[in-house]
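# dropping the sequence and predicted coords here.
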Amino acid sequence: MSINITGNVSPNEQQAYVHYLENKYNRKLKSLDIKIDGDFADLNYEFEHVPFERIRRITGYLVGTMDQWNSAKSSEEHDRVKHDVSTGFERL
């Protein structure tokens with residue numbers, strides 16, 4: 001994690017800002033910019049990327065990918081009716 005400081009900030013105060021942000025958002029900080037402006041502290045921060053896998057409902061199952069499916073289930077997915085998300089106003 002990188003911390004950039006503009007102004008006079010003690011190490012304890014730095015750790016307090018890091019602790020506050022990580023606990024409030026329950027995420028790890030990637031970078032933190034602390035700018036002291038009189039009695040105020042401006043905090044600009046960025047969190048670490050959290051990877052996730054998209055889950056979809058296909059043929060009654062919640063799946064991320066279909067690479068583990070057997071040929072029968074893959075065939076079922078291929079034959080299913082796929083609905084579009086159009087509004088129906090395109091014909092007007």
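Okay, I see it.
# which stretches of this protein have low pLDDT?
Within the chain, the stretches with pLDDT under 70 are 59, 86-92.
# run through the helices of it in chain order.
11-25, 71-79 (DSSP state H).
# who's in contact with His49?
For His49, the contact set (C-beta atoms under 8 Å, 6 or more residues apart in numbering) comprises Lys30. Using the backbone N, CA and C atoms, a C-beta is placed for each residue, glycine as well.
# find the centremost residue of the chain, please.
Centroid check for the chain by C-alpha atoms, centre = their mean gives Val50 as the closest residue, at 5.4 Å.
# surely that one touches Lys30?
No. Here Val50 does not reach Lys30: they are 11.0 Å apart, not a contact under C-beta atoms under 8 Å.
# what would the helices of the chain look like in TSV with mean neighbour count and distance to Ile34?
Putting the helices of the chain into TSV (neighbours: other C-beta atoms under 10 Å; distance: least, C-beta to C-beta, whole Å) gives the following:
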stretch	mean neighbour count	distance to Ile34
helix 11-25	12	6
helix 71-79	11	51
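# so which of those comes closest to Ile36?
Among these, the nearest to Ile36 by C-beta to C-beta is helix 11-25 (9.3 Å).
# need the CA coordinates for the closest one. CSV is fine.
Extracted in CSV, the C-alpha atoms of helix 11-25 (Å, rounded to 0.1, in the frame of the first residue of the first chain):
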residue,chain,number,x,y,z
PRO,A,11,2.5,7.7,12.2
ASN,A,12,-0.3,7.0,14.7
GLU,A,13,-2.6,9.3,12.8
GLN,A,14,-1.7,7.6,9.5
GLN,A,15,-2.5,4.2,11.0
ALA,A,16,-5.8,5.6,12.4
TYR,A,17,-6.9,6.7,8.9
VAL,A,18,-5.9,3.4,7.4
HIS,A,19,-7.7,1.4,10.1
TYR,A,20,-10.8,3.6,9.8
LEU,A,21,-11.1,3.2,6.0
GLU,A,22,-10.4,-0.5,6.0
ASN,A,23,-12.9,-1.2,8.8
LYS,A,24,-15.6,1.1,7.4
TYR,A,25,-15.6,-0.5,3.9
